[in-house]
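**Q** please find the sequence and the predicted model below.
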Amino acid sequence: MLTFFKRLLIGLLLILILIAGLLFSARYYDGPLEIIAGGPFKTGDLSPAPDDWSYLVDRDTIEFQTLDPARSRTVWLAVHDSRLFIVSGYMTTGYGAIWKQWPYYLLDDDRIILRIDGQLHEQRLQRITSGPDIEPVLSEFSRKYGDGLGMGATEVTEGHTWMFEVVDR
């Protein structure tokens, strides 16, 4: 019986070491690995951002990179009035504080790089805390992703969810 628990403990330890290795090595990878944050973009062609983001209306995810620290991630998106928006939920929860660190990086430097279809667009993320765009953007997120995302504007105005518009530098 003791050897069974010893083997189980060794197996769990090996799994934890493998997961830690994956998370550490992902920081040096060219972009995110699905939900795992990655390193800075190494590939892609620098291009001017489009004036109209409508071609992304039915796109599920895009990649973006913060500059300080230079890390990339995959995020959901919404397009409203030809403008591009990114939302980060769970900002006031315990697991959100662990999982959602990228919005805090933007407090010091809001510059980002978007990578869409191999094109790099140097942009900024401007936080939105009030205004007429909140409801339609949240409605678009709910339409695309569902599953409880039918939240109201108070989620954004009270800071539980952070909303950003992608704007030119």
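**A** Thanks, I have the structure now.
**Q** C-terminal to the helix ranked longest in the chain, what's the next element?
**A** Longest helix in the chain by number of residues (criterion: DSSP state H): helix 2-26. Using DSSP states H and E, the helix or strand that follows helix 2-26 towards the C-terminus is strand 45-46.
**Q** so which elements touch that next one?
**A** strand 119-128 (3 or more Cβ pairs under 8 Å, 6 or more residues apart in numbering; DSSP states H and E). C-betas here are computed from N, CA, C, even on glycine.
**Q** so for the longest helix of the chain, mean pLDDT?
**A** For helix 2-26, mean pLDDT is 80.
**Q** beta partners of Ser88?
**A** Trp162 (DSSP bridges).
**Q** how far away is it from Gly11?
**A** 35 Å (Cβ to Cβ, to the nearest Å).
**Q** more neighbours: which of the two?
**A** Applying other Cβ atoms under 10 Å to Ser88 and Gly11 shows that Ser88 carries more neighbours, namely 21 against 10.
**Q** what separates the residue nearest the centre of the chain from Ala153, distance-wise?
**A** Centroid check for the chain by Cα atoms, centre = their mean gives Val75 as the closest residue, at 3.6 Å. Applying Cβ to Cβ, the value for Val75 to Ala153 is 20 Å.
**Q** please apply the same query to Lys144.
**A** In terms of Cβ to Cβ, Lys144 sits 18 Å off from Ala153.
**Q** same deal with Arg124?
**A** 23 Å.
**Q** wait, doesn't His160 sit right on Thr92?
**A** Yes: look at His160 against Thr92 with Cβ atoms under 8 Å: they come within range, at 5.0 Å.
**Q** which one's more surrounded, these two?
**A** His160 (15 against 12).
**Q** thinking again about what came up before, elements contacting the longest helix of the chain?
**A** Going by 3+ Cβ pairs under 8 Å, 6+ apart, helix 2-26 lies up against no helix or strand.
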